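**Student:** Turn this into a structure:
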Amino acid sequence: MHEETPVFERDDDIAELGACGALRGSVAQFAQPRGADLMRRTEALDAWCQLRTRHGVWQYARAVDGAPAPEASVCEEGGILPATHGINFASQDYLSLASHPTVRAAAMAALDESGPHSAGSAVLLGNSRHSLALEEALGALLRQEHVTLFPTGWGAAFGVITALVNGRDYVVIDQLAHASLRQGAAAATRNVLLHRHLDTGHVRELLAAIRARDPENGILVVTEGLFSMDADAPDLPLMQHLCREYGATLLVDVAHDLGALGPGGSGCVGEQSMLGKVDIVMGAFSKTFASNGGFVASASRAVKRQLQLFWPLTCSRMPCRRCRRPACWRRCASSPVPKATRCAPPCCAMRSRCVPTSPKPACAASASRRPSSRCGSAANRWHAWRAARWRARACSSTRSSSPASRSVPRACACRSWPRTRRSSCATARA
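**Tutor:** Below is the predicted model of the structure:
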């Protein structure tokens, strides 16, 4: 018989708890702090978190005393409050394999044989017989011949999308997909379309609309095998059929179900008899497999080669997010002023939103070039007109009559744009 664990009430008086301010606001209000000092402007978030910690209502940054077992002792951040003991509902170790003696012995044996570090990436000389055996075992489980390992599940989700999708392609993704998948899609292309959760009819509508206007570029449809926060799963056979019908590629994230559900631990893919039939399967080891890392599996050796060499794309000269041509972000030798160092990408008709608000561009040669013909559609002209409106509004709001303010370089006009329109210029400035 287990001893009954007493219920630990941090603050019995809810009214007093509310009066102190610990229950006011949310972490979302601190997501985009403002101020010239990048470090000091984060102090408001820390003060709010400390207030909640003192009253026992801050649920993050806790520490486990010992192994992450089904029952654990938890210490609050900073040791302000005494440790509590109870059932660990926050664990991601679904099957408690992290504390299994066989798993622990295997991990210690691998550490003794190979050491704690691979001493290189997988592209160079970071593979070992253990990693190759793991790839082979995952391929047999999923009936996919080629598997690529990643250091984290987040890296696998982000890397597979950024490696396969370019700026002209499209990503159709479930609106409740994991943040790593959505951020990978946003980093790869601006053509990201959200479909309603598990709505295959909406997926069909989006695919048909894309193919009606663009039969040449690729489409990646992204979903999850099991949505952990909602405990539901998509219709994978129908999703794969729609991808075949419209020439798209299906990517299924099985981080939450592989190893814990389905026949032989094959997850929702195995439950729906789709082993070896899904285009690309990716997952993580942090949920069921008591470890860290991720993987991407497919039947194509070419896909594995692409993932090995191109995840993620890192380049000092990031291409234009619209037409993927190298952008012209050169430093003008005649002036060190920041606004004179940013030349508009001559390839894109949207360049007006990346041009500094000064009347004369720093690089007259690049700014005088005409945009490419593919950027001259009515929709793009509308976006250019909208950019001019936002730029004019930014100019009128930043002008000042004082000489001091006139000596400060004005900000790039794109800072007044909504966040969805700022990504390319912000990337280039970085």
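
**Student:** For residue 158, the count of nearby residues, please.
**Tutor:** Under the neighbour criterion other C-beta atoms under 10 Å, residue 158 is assigned a count of 24. C-betas here are computed from N, CA, C, even on glycine.

**Student:** Which of the helices or strands spans it?
**Tutor:** For residue 158, the host element (DSSP states H and E) is helix 153-164.

**Student:** Give me the next element, helix or strand, following that helix.
**Tutor:** With DSSP H and E, the next secondary element past helix 153-164 is strand 170-174.

**Student:** now what about that following strand, what contacts it?
**Tutor:** With C-beta atoms under 8 Å, 6 or more residues apart in numbering as the contact definition, strand 170-174 has outside contacts at 161, 165, 181-182, 185, 188-189, 191-195, 197-198, 203, 206-207, 210, 214, 217-224, 227, 234, 248.

**Student:** mind listing which of these are in helices?
**Tutor:** Here DSSP state H is the test, and the contacts of strand 170-174 give 161, 181-182, 185, 188, 203, 206-207, 210 as lying in helices.

**Student:** Pick the one among the residues you listed closest to residue 106.
**Tutor:** residue 181 (30.6 Å; C-beta to C-beta).

**Student:** picking up where we left off before, in the helix holding residue 158, what's buried?
**Tutor:** By 16 or more other C-beta atoms under 10 Å, the buried positions in helix 153-164 come out as 153-164.

**Student:** nearest to residue 117, of the residues you listed?
**Tutor:** Nearest to residue 117, judged by C-beta to C-beta, of the buried residues of helix 153-164 is residue 155 at 17.1 Å.

**Student:** Grab the nearest non-local neighbour of the closest one.
**Tutor:** Distances taken as C-beta to C-beta, 6 or more residues apart in numbering put residue 294 closest to residue 155, at 6.0 Å, once the chain neighbours are dropped.

**Student:** Number of residues surrounding that neighbour?
**Tutor:** A count of nearby residues for residue 294, using other C-beta under 10 Å, gives 25.

**Student:** is it true that it touches residue 158?
**Tutor:** No. Between residue 294 and residue 158 no contact is recorded; they are 9.6 Å apart, counting by C-beta atoms under 8 Å.

**Student:** Which strands and helices lie in contact with the one helix or strand residue 238 maps to?
**Tutor:** Secondary-structure assignment from DSSP H and E places residue 238 in helix 236-246. Helices and strands in packing contact with helix 236-246 are listed as helix 200-213, strand 219-224, strand 249-253; criterion 3 or more C-beta pairs under 8 Å, 6 or more residues apart in numbering; DSSP states H and E.

**Student:** For it, buried residues please.
**Tutor:** Applying a neighbour-count criterion of 16+ other C-beta under 10 Å, one finds 236, 239-240, 242-243, 246 buried in helix 236-246.

**Student:** Checking my notes, residue 130 in a helix, right?
**Tutor:** Yes. Using DSSP: H, G, I helix; E, B strand; the rest coil, the assignment for residue 130 is a helix.

**Student:** From residue 110, how far off is it?
**Tutor:** Summarising the geometry, the distance separating residue 130 from residue 110, computed by C-beta to C-beta, to the nearest Å, is 6 Å.

**Student:** same deal with residue 19?
**Tutor:** For residue 19 relative to residue 110 (C-beta to C-beta), the value is 54 Å.

**Student:** Can you report the mean pLDDT over the residues of stretch 133-145?
**Tutor:** When pLDDT is averaged along stretch 133-145, the result is 96.

**Student:** Then stretch 115-126?
**Tutor:** Taken as a whole, stretch 115-126 has an average pLDDT of 83.

**Student:** Report the buried residues of that stretch.
**Tutor:** Counting neighbours by 16+ other C-beta under 10 Å, one finds that the buried residues in stretch 115-126 are 118, 122.

**Student:** got a list of contacts for that stretch?
**Tutor:** By C-beta under 8 Å, 6+ apart, stretch 115-126 touches 127-128, 131, 148-149, 308-309.

**Student:** Stretch 284-298: end-to-end distance?
**Tutor:** The straight-line separation of the ends of stretch 284-298 (C-alpha to C-alpha, to the nearest Å) is 15 Å.

**Student:** follow-up on the earlier one: so which of the ones in helices among the contacts of strand 170-174 is the most crowded?
**Tutor:** residue 161 (30 neighbours).

**Student:** show me the contacts for residue 99.
**Tutor:** By C-beta under 8 Å, 6+ apart, the contact set of residue 99 is 67-69, 93.

**Student:** for the residues you listed, which one is nearest residue 54?
**Tutor:** residue 68 (25.6 Å).
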